[in-house]
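In: Sequence unavailable; structure follows:
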């Protein structure tokens, strides 16, 4: 009964083009922002902030990047982790070698490096599509990891190939507590998510979707194929690169190339599927689910072994996790191929009519 | 023969025989793709699952042949179950959705096989030692592994059997009809779902063969699932729809990979095996986007 659009009239184009046309949505959004920015850092404990919320935000950003490429532009990519690796290692190198630059410009430059790599490995998309392209992006995954391990310059000639992210300092303020890192991540992710939301409503985004739905038809109506596909790769890799930089600087601290293996790429692909392809909100929902689910599963097995007295080994738990993950993917694809985002949409539509069925 | 030539020949032969091993895995992909248009990412996990089941049964004191038959039965059951549980509800979904479902299946299989049989690595022995052929090394001074030749022979037999199966039997004809056009096949009364179950069962059989060969070579361990990643460049090179393509692609990839590792690798400090095959396949795709033997598709709006 509260969620109604009755009585809300749009009297200007600006109002018509808002991201949240309903007043209730806007209130909810700002409330969420206030909670996330003010309340959570104030009351959240260290474990929550640094082990759950920060990685959730970072993976949401990476998923968002993949979503732009796969969900919106329809080019399946299995190289997400490689773009994140480029972002992480280049951010480290920019901060190390150009210290006067500052952290945030370094992140942006790292993202641009990832975008350049993305464009190079996106070139095959002009000739090939579908599974052939998916396999081609695997080449990127393997090549980037190999290069990062092989050329010691990337890790500043450290013997183990591991880099330690420098401390973050912006305008003299050091971001070294979990809460401040969380806020920094949140700010970056919020800005980039808003940018993505607007980009996908613009001509560029519509061109992406046209290419996704049928690229031949899109080419026929005059959408430049090369520009659109490469732009999709560039923007997507930029997002993944920034996510990688945040991953190294705000979450892990010390990073090795193996952290960005194919497994991570698949994880992010799962976040995309479960959250919903072609939805900004879906990226966040999927990332939340996949990040929090193992923690939840650990809790549950902990309770079970506590209640029954049976010791459940770590190997069993991790195998169970694999099985449940895989099962959930299949389940979601069968029951709701559009993911959580679609469920959210259905819920909202039902809510508008509630308590009446029609 | 000069020593360099012999060395080159050895490297080439080693590469070609490794390529046969890749082709064995690629075959499983091709079978399923041909018949159901599904890019089955779980093939690697199936290889792992089959090999692990077999080796665990043997280690528990079962006879070699009994274990083989039981594992085969398990793989057939797995194929039928996959069709029933995963594919049937996903009929008419876009291929990408099916592909992602097989990634899910990969995780289930990996978890399941390690949950049942444990995750410690096993050695596998089939009675053919992995040593150089004696008369070859004595006469020509060329070292080629006996087991590699055996694997090549197995692959040859497998392809021959599959070719006969596809071309001479009733089921084979039905399979080819389904591969050509689902709807037309349905219209002439071919039970699509049986056909899919059969194809998955056959792919399970191929996975078992590949699993045994690779298991002898590298031991049966989790890394076996990455074998599938090696088969992917073979697939894009040979085309997803062609059995011949899988074999030829496997040979090309195997040979170029080994030769490159030996002759180009040192310039980069080695280890280029992990991505070189992909780059070869990619360069190739730029000239022939549908692969060596793939069917050319005409897009209609």
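Out: That came in fine, so what should we check first? This structure is a prediction, so every number in the text was calculated from the model and none was measured.
In: tell me which element residue 82 falls in.
Out: I'll assume chain A. Using DSSP states H and E, residue A:82 maps to helix A:80-97.
In: I was thinking of chain B, sorry if that wasn't clear
Out: Taking DSSP H and E as the criterion, residue B:82 maps to helix B:64-82.
In: And residue B:115, by the same measure?
Out: With DSSP H and E as the criterion, residue B:115 is inside helix B:95-117.
In: Count the residues that sit near residue 70.
Out: No chain specified, so I'll use chain A. The tally of other residues near residue A:70 (other C-beta atoms under 10 Å in any protein chain shown) stands at 26. For glycine as for every other residue, the C-beta is placed from the backbone atoms N, C-alpha and C.
In: try chain B instead
Out: 15.
In: Do I have it right that it meets residue B:57?
Out: Yes: counting by C-beta atoms under 8 Å, residue B:70 does reach residue B:57; the two are 6.1 Å apart.
In: what residues does the stretch 101-250 of chain B put near chain A?
Out: B:101, B:103-112, B:114-115, B:118-119, B:229, B:232-233, B:235-236, B:240 (C-beta under 8 Å from any C-beta of the partner chain).
In: show me where pLDDT drops low in chain B?
Out: Where chain B drops to pLDDT under 70, the residues are B:1, B:126-144, B:269-271, B:291, B:294-301.
In: show me where it has helices.
Out: Ranges of helices within chain B are B:3-36, B:43-59, B:64-82, B:95-117, B:134-139, B:146-168, B:170-180, B:182-187, B:192-218, B:227-238, B:243-263, B:273-287, based on DSSP state H.
In: ok, and for the second one, which residues are buried?
Out: By that I understand helix B:43-59. Using 16 or more other C-beta atoms under 10 Å in any protein chain shown as the test for burial, helix B:43-59 gives B:43-58.
In: same question, the third one
Out: Neighbour-count burial for helix B:64-82 flags B:67, B:68, B:71, B:72, B:74, B:75, B:76, B:78, B:79, B:80, B:82 (criterion: 16+ other C-beta under 10 Å).
In: which helices and strands does that helix pack with?
Out: Under the contact definition 3 or more C-beta pairs under 8 Å, 6 or more residues apart in numbering or on different chains; DSSP states H and E, helix B:64-82 sits against helix B:43-59, helix B:192-218.
In: what distance separates it from the middle of the whole chain?
Out: 17 Å (C-alpha atoms, centre = their mean, to the nearest Å).
In: And for the first one?
Out: Averaging C-alpha positions (C-alpha atoms, centre = their mean) puts helix B:3-36 10 Å from its chain's average.
In: ok, now the second one?
Out: With C-alpha atoms, centre = their mean as the basis, the distance from the averaged C-alpha position of helix B:43-59 to the chain average is 14 Å.
In: That one near chain A at all?
Out: No: using C-beta under 8 Å from any C-beta, helix B:43-59 stays clear of chain A, coming no nearer than 9.3 Å.
In: still on that earlier bit, beyond the helix holding residue A:82, next helix or strand please.
Out: In N-to-C order, the element after helix A:80-97 by DSSP H and E is helix A:103-122.
In: And for the residue in the stretch 151-300 of chain B that chain A sits nearest to, the neighbour number?
Out: Closest contact between the stretch 151-300 of chain B and chain A, by C-beta to the nearest C-beta, is at residue B:278 (3.4 Å). Applying other C-beta under 10 Å, we find 25 residues neighbouring residue B:278.
In: That one and residue A:142 touch, don't they?
Out: Yes: between residue B:278 and residue A:142 there is a contact at 6.2 Å, judged by C-beta under 8 Å.
In: So the nearest residue to residue A:46 once chain neighbours are set aside versus chain B, what's the distance?
Out: Closest residue to residue A:46 apart from its sequence neighbours, by C-beta to C-beta, 6 or more residues apart in numbering or on different chains: residue A:178 at 4.9 Å. In this view, residue A:178 and chain B are 31 Å apart by C-beta to the nearest C-beta, to the nearest Å.
In: residues touching residue A:178, list them.
Out: A:46, A:49, A:50, A:54 (C-beta atoms under 8 Å, 6 or more residues apart in numbering or on different chains).
In: how close does the first one get to chain B?
Out: When C-beta to the nearest C-beta is applied, the distance between residue A:46 and chain B equals 31 Å.
In: For that residue, give me the pLDDT.
Out: Predicted confidence (pLDDT) for residue A:46: 82.
In: likewise the second one?
Out: Residue A:49 carries a pLDDT value of 85.
In: do the same with the last one
Out: For residue A:54, the pLDDT comes out at 90.
In: where's it, which helix or strand?
Out: Per DSSP H and E: helix A:54-66 holds residue A:54.
In: Show me what that helix is packed against.
Out: helix A:80-97, helix A:178-200, helix A:225-246, helix A:262-275, helix A:280-308.
In: Pretty sure residue A:341 sits against residue A:276.
Out: Yes: assessed by C-beta under 8 Å, residue A:341 is found in contact with residue A:276 at 3.0 Å.
In: what residues are shared contacts of those two?
Out: Applying C-beta under 8 Å, 6+ apart, one finds that residue A:341 and residue A:276 are jointly contacted by A:282, A:285.
In: okay, now the residue nearest to residue A:132 when sequence neighbours are not counted: neighbour count?
Out: Among residues not flanking residue A:132 along the chain, residue B:236 sits closest, at 5.2 Å (C-beta to C-beta, 6+ apart). By other C-beta under 10 Å, 34 other residues sit near residue B:236.
In: what does residue B:16 give?
Out: Around residue B:16 there are 18 residues (other C-beta under 10 Å).
In: correct me, but it touches residue B:256?
Out: No: contact criterion C-beta under 8 Å: residue B:16 and residue B:256 do not qualify, at 10.3 Å.
In: among the helices of chain B, which is the most enclosed?
Out: helix B:227-238 (a mean of 28; mean count of other C-beta atoms under 10 Å in any protein chain shown).
In: Which strands or helices does that helix pack on?
Out: Going by 3+ C-beta pairs under 8 Å, 6+ apart, helix B:227-238 lies up against helix A:131-150, helix B:3-36, helix B:43-59, helix B:243-263, helix B:273-287.
In: okay, the angle between the first one and helix B:3-36?
Out: Angle, helix A:131-150 to helix B:3-36, by axes from the mean of the first three to the mean of the last three C-alpha atoms, to 10 degrees: 140 degrees.
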